[in-house]
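Visitor: Quick one, what's the 3D model for this:
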Amino acid sequence: MPALDPEPYRDKPCELLSADLPRSLGYTAPGTADISSRVSTLFTGQGCAWISGAKTIQIQILLKNQDPNLPGITKTFLQRDRGVLAYADPTEASGYQAAFADLTDERARGNCAVIVALSSDESAVTRASGYNNAQDSCDTAKQLAEAMIKTLQGS
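Guide: Just a heads-up that it's a prediction; the model follows:
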């Protein structure tokens, strides 16, 4: 798959999703971007969150991977093997390497995250929280990842 460049969206991460998708999922308020907090600039990367009652969807461009020995989301599986992540289950999103992965496994409680390799040194995370169950939240997180990829592909 061709590498995707998220750099143009670092200052506007909410634009990684068309306004129609959050609306179709019941999110009527616009997304709230976090592009300059200390956490986003030093640790996690820029992101956007949409909130509707107890439900939240998020998208986040992770900080650039600085280790050429751990391309794509290789580091995700290494972190799982070292016990840093509670789980990292391989999947794909629109043909791109991905994994359902998080620090704690709260999928049964309706919280799920997908990390997607956009290139050898760029990745992003999508998350759905407050959903009914693992299937509902993981399907939503994957839907967000695929929509983000479509935006990055320019279509």
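Visitor: And for Asn132, nearest residue in space, chain neighbours not counted?
Guide: Once flanking residues are discounted, Asn132 sits nearest to Gly110: 5.5 Å by C-beta to C-beta, 6 or more residues apart in numbering. C-beta coordinates here come from the backbone N, C-alpha and C atoms, glycine included.
Visitor: The one you found is in contact with Gln135, isn't it?
Guide: No. Contact criterion C-beta atoms under 8 Å: Gly110 and Gln135 do not qualify, at 9.5 Å.
Visitor: Name the residue in these two with the higher neighbour count.
Guide: Gly110 (20 against 12; other C-beta atoms under 10 Å).
Visitor: With Thr56 as the reference, measure out to the more buried one.
Guide: 11 Å (C-beta to C-beta, to the nearest Å).
Visitor: Check Thr44 too.
Guide: Counting by C-beta to C-beta, the gap from Thr44 to Thr56 is 15 Å.
Visitor: what do you get for Gln66?
Guide: Applying C-beta to C-beta to Gln66 and Thr56 gives a distance of 29 Å.
Visitor: quick one: which of the two has more around it?
Guide: Thr56 (16 against 7).
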